[in-house]
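**Q** Got a predicted structure plus its sequence, pasted below:
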2 protein chains.
Amino acid sequence: MLAGRHVGLKSAPGLKDDLMVARLAPGTTVAGIFTKSRCPSAPVEWCRAVLPGGKIQAIVVNSGNANAFTGNAGDVVVAHTVKAAAKLVGCPRKQVFIASTGVIGVPVPPGYIAASLPKIVSELKPNSWRRAAEAILTTDTFPKGAMATARIGDTQVTVAGFAKGSGMIAPDMATMLGFVFTDAKIPARVLQTVLKAAADKSFNAITVDSDTSTSDTVLLCATGKGARHKPVKSARDGHLKDFRRALEAVMIDLAVQVVRDGEGAQKLIMIDVTGAVSAQSARRIGLSVANSPLVKTAVAGEDANWGRIVMAVGKAGEPADRDRLSIAMGGVPITAAGRVLDDYDEAPVAAHLKGSQIHIAIDIGLGRGHARVWTCDLTHGYITINADYRS
Amino acid sequence: MLAGRHVGLKSAPGLKDDLMVARLAPGTTVAGIFTKSRCPSAPVEWCRAVLPGGKIQAIVVNSGNANAFTGNAGDVVVAHTVKAAAKLVGCPRKQVFIASTGVIGVPVPPGYIAASLPKIVSELKPNSWRRAAEAILTTDTFPKGAMATARIGDTQVTVAGFAKGSGMIAPDMATMLGFVFTDAKIPARVLQTVLKAAADKSFNAITVDSDTSTSDTVLLCATGKGARHKPVKSARDGHLKDFRRALEAVMIDLAVQVVRDGEGAQKLIMIDVTGAVSAQSARRIGLSVANSPLVKTAVAGEDANWGRIVMAVGKAGEPADRDRLSIAMGGVPITAAGRVLDDYDEAPVAAHLKGSQIHIAIDIGLGRGHARVWTCDLTHGYITINADYRS
């Protein structure tokens, strides 16, 4: 059951929706991952505190105000909102989760969101996905949803979710939020393990500008209301494999939509790192390349400047050997064993770079660790959006 | 004794100088610090190998070609150059240091630089500072030099140097190189200690775009040819204190010139972090703020968006407490104890941001660690330079 409506937190023209409520059946389990920021928002601190309970019946998300760096006032807003939502839904307070995204440092009046809850809760409907997805947006240019089905044993279950993010991981109006739901029945402990694994291949494998929000939140809720399936006891259960594949697919779909909508982005960049000493090392090297302003501007300029990729691999601080490094773009090998190929022809790479989906493959030549990450190019649009945003 | 001349490595219009040679008296001691890149250039690998010898009689620097990611061919170029320079200067090969900056991945013919050495060595003069400083430039818009005097005991000595860097720490034509000379007599071991300490407060405290070159090199050479002074035995010698101050001043002067010349930079940003748990923690927090594209674009847009500073402190991963954080810009307190001040007036901060030198002060409120770092704003100019550079 979802709803979205306008309650006055977004002052942007057109009175866009800025409050979203999701209501979940009693017994729904929950897993969550949050920003690694040392200055998290009040809602993130609340969610972290109640997550160990493992149960969820309501999610309240507002856009337009991040309720971050608002001191004790921020905690009071959360307390009011949680109390009101718990009463309306009829559940313990610790089963209410909160997320906020928007401007940092501007306190909301304590009962402002709480006062809007009776109306929006009365509007909850089973299929308001689009309106809910729109109500959590800030600088995003489109709502982001994804769905997949999976089999647990002989039973079909569904995984569906929506997300927001544009400066990906940015503080103003561009925090990354993701909410994923399934009708499978999965204990909270197992849910947390599968969410973390899927996040490492999706939301934790994307970057727009390397900046980390105070408010990033991803929740995975399992209602258990689908057809009855074989019980799940461990994340390693063989019959959970297809569910994990579907969850990963939904989360990657949402994550790539966030990058596509990256502030000023004109090109999606997918980076495959192979041959690293470990998967973690591969991901760090991939993110070093994905976060490099020089790599991102080269792609924006459609410049086959592979020297910048070498630089970004080198600065990752992960094991690498200049004389084993191989780089390809758009499937065209450029370097091998530490130097450019004798017969390297830049023309097909230049043609690839004129497209909107750029592929960079990097083989470190040291081991079997591999990872895939996504980013976007760094354009004049990013500067325009971020140099002029708040004013 | 210095010289610079054009030998054909820079193809840019105007035939700018692209080769620099410095000749130093026998017995000159040397200290060096180099890029942390895991894919360093062939010249960096050579310098690291000979640095333990502690002596230097020649420095050969070319601009226009980085001799990085050139595989074995790069090592051959270095070997030819070192051999020719050692013969001309009359010193062991291990007293010849090499640096290269320019395009990555394009091999130079093995004897090309070596062949140009007899001519340039014949042109060496004691006061060719400016021409030497110009010969090492790439995308820089001005040569960078600095000088200071110091007393060791009752004796006056001089510290002088020049540097290059613009995309600071970038791979193409924007590697950071610095060469500092003194007529003091200081053992190589002591020289290394004082260079490292001064670098942490200067070249290692600046960032333009967070990208790390394959070729960064800073050398400090002590000829011992000044008036005789009280012997130096340890970096902790009380009579070395004034020399260390002068060295730090020269290196900070050069480092700040590099940031001022940052690609597309319109504003110099100085960030003071106090109250961190350690000096290292303070520097990491400062660099996290300095590297944040969102902070840098806010300054470019003259937007007093302090929420982005909170975000960048939070993402540094260093100990910080939301409720103890204080931020000021241009000397105007903005936040204290985790929230904006009740009487905060944005007008004076907005006025400060219209200037060309921006000051950000961050107090973490946890300890006594402090650090100062410098960066520049992120502008459309950076995108224009780097999206279109090589093509």
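**A** That came in fine, so what should we check first? This is a predicted model, so every value here is computed, not measured.

**Q** quick one: strands adjacent to the host helix or strand of A:Ile360?
**A** Following DSSP states H and E, one finds A:Ile360 within strand A:357-363. When sheet partners are counted by DSSP bridges, strand A:357-363 sits next to strand A:268-276 (parallel), strand A:326-329 (antiparallel).

**Q** A:Asp253 contacts A:Phe162, correct?
**A** No - judged on CB atoms under 8 Å, A:Asp253 makes no contact with A:Phe162 at a distance of 10.7 Å. From N, CA and C alone the C-beta is placed, and that goes for glycine too.

**Q** Looking only at neighbour counts, state which of these two leads.
**A** Set A:Asp253 next to A:Phe162 and count neighbours by other CB atoms under 10 Å in any protein chain shown: A:Phe162 wins out with 28 against 17.

**Q** quick one, phi/psi of the more buried one?
**A** Per-residue torsions, A:Phe162: phi -140, psi 160 (degrees, to the nearest 10).

**Q** State the pLDDT value of the spatially closest residue to A:Arg130 that is not a sequence neighbour.
**A** Leaving aside its chain neighbours, A:Arg130 sits nearest to A:Pro143 (6.2 Å; criterion: CB to CB, 6 or more residues apart in numbering or on different chains). On pLDDT, A:Pro143 comes in at 93.

**Q** what's the neighbour count on A:Ile98?
**A** Residues near A:Ile98, counting by other CB under 10 Å: 26.

**Q** about what we covered before: could you dump the strands paired with strand A:357-363 into a markdown table with mean neighbour count and mean pLDDT added?
**A** Shown next, in a markdown table, are these (neighbours: other CB atoms under 10 Å in any protein chain shown; pLDDT from 0 to 100):
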| stretch | mean neighbour count | mean pLDDT |
| --- | --- | --- |
| strand A:268-276 | 21 | 96 |
| strand A:326-329 | 21 | 96 |
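
**Q** related to what we said a few turns ago, contacting residues for the residue nearest to A:Arg130?
**A** A:130, A:133-134, A:137, A:162, A:164 (CB atoms under 8 Å, 6 or more residues apart in numbering or on different chains).

**Q** what separates it from A:Val258, distance-wise?
**A** Taking CB to CB, to the nearest Å as the measure, A:Pro143 falls 12 Å from A:Val258.

**Q** Pull up the overlap in contacts between these two.
**A** A:Lys164.

**Q** how about the residues of the stretch 1-150 of chain A that lie near chain B?
**A** Residues of the stretch 1-150 of chain A that fall close to chain B, judged by CB under 8 Å from any CB of the partner chain: A:35-40, A:66, A:68-73, A:103-107.

**Q** Can I get the buried ones among the residues you listed as something I can paste into PyMOL?
**A** Here is the PyMOL command that picks out the buried ones among the residues of the stretch 1-150 of chain A next to chain B, judged by 16 or more other CB atoms under 10 Å in any protein chain shown:
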select buried, chain A and resi 35+37+38+39+40+66+68+69+70+71+103+104+105+107
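
**Q** mind listing which of the residues of the stretch 1-150 of chain A next to chain B are in helices?
**A** A:71-73 (DSSP state H).

**Q** from these, which is closest to chain B?
**A** A:Gly71 (3.5 Å; CB to the nearest CB).

**Q** so where's the stretch 151-300 of chain A shaky on pLDDT?
**A** A:167-174, A:209-210 (pLDDT under 70).

**Q** ok, which stretches of it are helices?
**A** Per DSSP state H, counting those that start in this stretch, the stretch 151-300 of chain A carries helices over the ranges A:188-200, A:241-260, A:279-291, A:293-300.

**Q** mind exporting the longest one as CSV, just the C-alpha atoms?
**A** Written as CSV, here are the backbone C-alpha positions of helix A:241-260 (Å, rounded to 0.1, in the frame of the first residue of the first chain):
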residue,chain,number,x,y,z
LYS,A,241,19.5,-18.5,-5.5
ASP,A,242,17.0,-17.4,-8.1
PHE,A,243,15.5,-14.8,-5.7
ARG,A,244,19.0,-13.4,-5.1
ARG,A,245,19.5,-13.1,-8.9
ALA,A,246,16.2,-11.3,-9.2
LEU,A,247,17.0,-9.0,-6.3
GLU,A,248,20.4,-8.2,-7.8
ALA,A,249,18.8,-7.5,-11.2
VAL,A,250,16.2,-5.1,-9.7
MET,A,251,18.8,-3.3,-7.7
ILE,A,252,21.3,-3.0,-10.6
ASP,A,253,18.4,-1.7,-12.8
LEU,A,254,17.6,1.0,-10.2
ALA,A,255,21.2,1.8,-9.7
VAL,A,256,22.0,2.2,-13.4
GLN,A,257,18.9,4.5,-13.7
VAL,A,258,20.4,6.7,-11.0
VAL,A,259,23.7,7.0,-12.9
ARG,A,260,21.8,7.6,-16.2
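
**Q** returning to that earlier point: A:Ala148 is nearest to which of the helices of the stretch 151-300 of chain A?
**A** helix A:241-260 (4.1 Å; CB to CB).

**Q** Which of the residues in the closest one are classified as buried?
**A** A:242-244, A:246-260.

**Q** how close does the spatially closest residue to A:Ala235 that is not a sequence neighbour sit to chain B?
**A** Excluding the flanking residues, the one nearest A:Ala235 by CB to CB, 6+ apart is A:Thr193, at 3.8 Å. Counting by CB to the nearest CB, to the nearest Å, the gap from A:Thr193 to chain B is 24 Å.

**Q** what number of residues lie near A:Thr193?
**A** A:Thr193: 17 neighbours (other CB under 10 Å).

**Q** Check A:Lys354 too.
**A** Applying other CB under 10 Å, we find 9 residues neighbouring A:Lys354.

**Q** show me what contacts it?
**A** Counting by CB under 8 Å, 6+ apart, A:Lys354 touches A:Glu302.

**Q** returning to what we had before: would you format the helices of the stretch 151-300 of chain A as JSON lines with distance to A:Val373 included?
**A** JSON lines is the format used below for those (distance: least, CB to CB, whole Å):
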{"stretch": "helix A:188-200", "distance to A:Val373": "11"}
{"stretch": "helix A:241-260", "distance to A:Val373": "9"}
{"stretch": "helix A:279-291", "distance to A:Val373": "4"}
{"stretch": "helix A:293-300", "distance to A:Val373": "12"}
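
**Q** Many thanks, I have nothing further to ask.
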